[in-house]
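> generate a structure from the sequence data that follows.
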Amino acid sequence: MPHADKRFLALDFGQVLTLNQDLSCFDDFLVEADLDRANFVDAYYLKRPPYDRGSHNANTYWSEVLMECVAQKPSSSLNLASPQENAEKYLEWLCMADFLSWCRPRLAMQELTLKAIAAGVETALISNMPPIYGQKFIDTWPWLNKLKHCLFSSAIAHVKPEAAIYTHLLTSLQWTAEQTLLVDDRLENIEAALKLGFAVHHFVDEDQALAAITDWCGL
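Model (predicted):
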C-alpha cells in the first residue's frame, strides 16, 4: 500500500499532454470526398465511444462516420459506394490523419511531467483511446515509457467517465484516490473522478494546470 503522504499524478493524453486536436489533418480527405468539416467532426465524435472502448475496430468506426456524413450531405462523392467500401478505400488515410491530429506536443506540460517523474512522483496516463493508437504514441514519443502506467480505454473495455476505468487504474497501481491528482480537460471525467475521491484539476488553461501540478507534486 502507498505511504500516507505520497502523491500520485494521473494525466489525460489529449489536450493535457498534446495541443488541441488539429482538424486540418483531415482537410485533404474532406476535399476529395466533398464533405463539410462541421458534419465530419460531429460524426467523428458521435461515433467515437465504441471505438475508444475497443468494441468497434477501425473499419467499423470509419464506416459509421462516413455513413453519417453522407446522410448529412448526399451530394458527396462517397455516395457512389457503400460506407464499408469507402472505409476500406480510405482507411489508411483516415487513421493516419486521426493519429497526426493529436501529435502536436504540449511541450511545457510534457517537460513538467518528466520533472515530476524525475522527482519520484509516480505518474500515469489515463486516456480514452482506440487500440491502434496507444502503442503508436509510445513509439513516437519514447519518453512515455517513463510513466508508471499508460492506461488506454480500449485495453480494458471501459471509457471515461465510467467509474471502472478509474478504479482499474487505482487497483493496478495500488494507488488511493485521495492521493491521486487527475488532470483532464473534460468536465464529465473530472466529476466522475471527484465522486470516487480523487483530487482533480479541470484543464481549461495551461498555465493554471502547470501551477496545479507543480503545487501538488511539491516541485
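
> most distant residue from the middle of the protein?
Leu80 (33.0 Å; C-alpha atoms, centre = their mean).

> these two touch, right, Trp175 and Leu169?
Yes: under the criterion of C-beta atoms under 8 Å, Trp175 makes contact with Leu169 at 7.1 Å. C-betas here are computed from N, CA, C, even on glycine.

> re earlier: what's the spacing between the residue farthest from the centre of the chain and Asn86?
Taking C-beta to C-beta, to the nearest Å as the measure, Leu80 falls 9 Å from Asn86.

> do the same with Pro50
Distance from Pro50 to Asn86, by C-beta to C-beta: 19 Å.

> between these two, which is the more surrounded one?
Asn86 (24 against 16; other C-beta atoms under 10 Å).

> that's a helix at the more buried one, yeah?
Yes: the assignment for Asn86 by DSSP: H, G, I helix; E, B strand; the rest coil puts it in a helix.

> and the contacts of the lowest-mean-pLDDT helix or strand in the chain?
Lowest by mean pLDDT, DSSP states H and E among the helices and strands of the chain is helix 134-140, with a mean of 92. Identification of contacts with helix 134-140 by C-beta atoms under 8 Å, 6 or more residues apart in numbering yields Phe13, Phe99, Trp102, Cys103, Met129, Leu144, Asn145, Cys150, Phe152, Ser154, Ala155.

> kindly recompute the last result at 10 Å.
Around helix 134-140, the neighbours that count as contacts under C-beta atoms under 10 Å, 6 or more residues apart in numbering are 13, 17-18, 95-96, 99-100, 102-103, 105, 125, 127, 129, 133, 144-145, 147, 150-155.
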